[in-house]
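**Q** next come a sequence and a model predicted from it.
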Amino acid sequence: MITILAIESSCDETAASVCRDGQILSNIIFSQKIHEIYGGVVPELASRAHLLAITPVVEQALAKANVELKDIDAFAFTQAPGLIGALLVGAEFAKSLALAFNKPLIAVHHMQAHVLANLIQPKDDKKTIPEFPFLCLTVSGGHTQIVLCQSPLDQKVIGQTLDDAAGEAFDKSAKIIGLPYPGGPLIDKYAKEGNAKKYKFPEPKIDDLNFSFSGLKTAFLYFIRDEKMKNENFVEENLKDICASIQSRIVSILLKKLKKAADETGIKEICIAGGVSANSGLRNAFEMMGKEEGWNTYIPAFEYCTDNAGMIAITAYYKYLNADFEDFSVVPSARTA
């Protein structure tokens, strides 16, 4: 048996997970609420909150999995990308445990882990995991990518955002119309009751399989500004339609490029992942497109969409099988590469 304890601390979630032979036994997530009053994540506050939360979170993960530290075969942590102070907390905690118990240390790339969240065996036996090769649209607050996955450790980014991420487009749009942080889920909530065809927003013309959301954000900003000059209550009176319309445009941009990638590669095993994959508008449109295109579609369980340690654990499991370990000189990195 291979038992791995994994830690995720790249942003504002402190998380720990225990994985045994590829099965997730526990996945504990502590979300930091302190950032809400600031309208976004404050890096220094995130680091301090991780320091306070990491020990009880790890203890809960071990208890739920019914294992002890002496039972762990390797310790894993998120190495990159993320907030450097936040990453350091998880990295040094994992290093300390690996050193104390003389066990291997595994460094995991956060975006690679989002992709492999699709390999976590669902509790619902009716669902399956994708076969290789597969494509994965990975969408979060900081990244938007299309990844060609040939095997668990053989991933290639074939398309990515040239500026802002889709998740940032959701959050900034929410801020423009006065919704509190985090605004992305609130846009999703109001969009369910709105008319997605009420307002038209531009679609960026970007070559290849890449994305761009900066122009859309600017267009949305000017649209709201101009409409409020005509009617100061415009947002309040049309909130649901505004949310439905901007969400529809972001989703259409994402899925249009995903379809292009599928057409060019001929791959029918298609996944989505990342925090934005929890968006109901994206999930529904993705599954609908999958039926139209004859794809086999996969979406991680909700708890594995947003930042979590289960995805770090499953990635670490495959790295363990490949003896892909690190020495104690390894350091976290804020950047993707």
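**A** Received the coordinates, thanks. Predicted model, so just to flag it, every value in this text is computed and none were measured.
**Q** show me what contacts the spatially closest residue to residue 287 that is not a sequence neighbour?
**A** Distances taken as CB to CB, 6 or more residues apart in numbering place residue 297 nearest to residue 287, at 5.5 Å, with adjacent residues excluded. (C-beta placed from N, C-alpha, C; glycine too.) Residue 297 makes contact with 270, 271, 286, 287, 290, according to CB atoms under 8 Å, 6 or more residues apart in numbering.
**Q** residue contacts, residue 97?
**A** Applying CB under 8 Å, 6+ apart to residue 97 gives the contacts 5, 69, 72, 75, 103.
**Q** state the next helix or strand along the chain beyond the host helix or strand of it.
**A** According to DSSP states H and E, residue 97 maps onto helix 84-101. Remark: after helix 84-101, the chain's next helix or strand is strand 105-109, criterion DSSP H and E.
**Q** quick one: average confidence on the helix or strand that that following strand is followed by?
**A** Using DSSP H and E, the helix or strand that follows strand 105-109 in sequence is helix 110-116. Taken as a whole, helix 110-116 has a mean pLDDT of 97.
**Q** distance check, the most far-flung residue of the chain relative to its centre against residue 64.
**A** Within the chain, the residue lying farthest from the chain centre (CA atoms, centre = their mean) is residue 230, at 38.1 Å. Look at residue 230 and residue 64: by CB to CB, to the nearest Å, they are 55 Å apart.
**Q** please apply the same query to residue 334.
**A** Going from residue 334 to residue 64 by CB to CB gives 31 Å.
**Q** cool, residue 2 as well?
**A** Distance from residue 2 to residue 64, by CB to CB: 18 Å.
**Q** can you pull out the strands in the stretch 101-250 of the chain?
**A** 105-109, 134-139, 144-151, 154-160 (DSSP state E, counting those that start in this stretch).
**Q** grab the nearest non-local neighbour of residue 31.
**A** residue 13 (5.4 Å).
**Q** isn't that neighbour up against residue 29?
**A** Yes: Residue 13 lies in contact with residue 29 (CB atoms under 8 Å); the separation is 5.5 Å.
**Q** and those two? which has more neighbours close in?
**A** Higher neighbour count among residue 13 and residue 29: residue 13, with 22 against 19, using other CB atoms under 10 Å.
**Q** give me the phi and psi for that one.
**A** With angles defined as degrees, to the nearest 10, residue 13 sits at phi -120, psi 130.
**Q** buried sites along stretch 34-46?
**A** 35, 41, 42, 43, 45, 46 (16 or more other CB atoms under 10 Å).
**Q** right, I mislabeled it, should have said stretch 228-239
**A** So stretch 228-239, judged by 16+ other CB under 10 Å, has buried residues 234, 235, 238, 239.
**Q** which one of those residues is nearest to residue 309?
**A** Distance to residue 309 across the buried residues of stretch 228-239 (CB to CB) is lowest for residue 239, with 35.3 Å.
**Q** which ones are touching the closest one?
**A** So residue 239 contacts 177, 190, 194 (CB under 8 Å, 6+ apart).
**Q** can you lay out the residues you listed as CSV showing pLDDT?
**A** Converted to CSV, these look like this (pLDDT from 0 to 100):
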residue, pLDDT
177, 97
190, 98
194, 97
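**Q** wait, residue 192 touches residue 248, no?
**A** No: the criterion here is CB under 8 Å, and residue 192 misses it with residue 248 at 11.8 Å.
**Q** touching both of those two, which residues are there?
**A** Common neighbours of residue 192 and residue 248, using CB under 8 Å, 6+ apart, are residue 281.
**Q** picking up where we left off before, helices - which of the contacts of residue 297 land there?
**A** Using DSSP state H, the subset of these located in helices is 286, 287, 290.
**Q** any common contacting residues for residue 13 and residue 29?
**A** By CB under 8 Å, 6+ apart, the residues touching both residue 13 and residue 29 are 306, 307, 308.
**Q** name the member of these that has the highest neighbour count.
**A** That'd be residue 308 among the shared contacts of residue 13 and residue 29, by other CB under 10 Å, with 28 neighbours.
**Q** the helix or strand where residue 6 lies pairs with which strands, and in what direction?
**A** Counting by DSSP H and E, the element that carries residue 6 is strand 3-8. Here strand 3-8 has these sheet partners by DSSP bridges: strand 13-20 (antiparallel), strand 74-80 (parallel).
**Q** make JSON lines out of these and add distance to residue 259 and mean pLDDT.
**A** Shown next, in JSON lines, are those (distance: least, CB to CB, whole Å; pLDDT from 0 to 100):
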{"stretch": "strand 13-20", "distance to residue 259": "31", "mean pLDDT": "97"}
{"stretch": "strand 74-80", "distance to residue 259": "30", "mean pLDDT": "97"}
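**Q** that'll do, ta.
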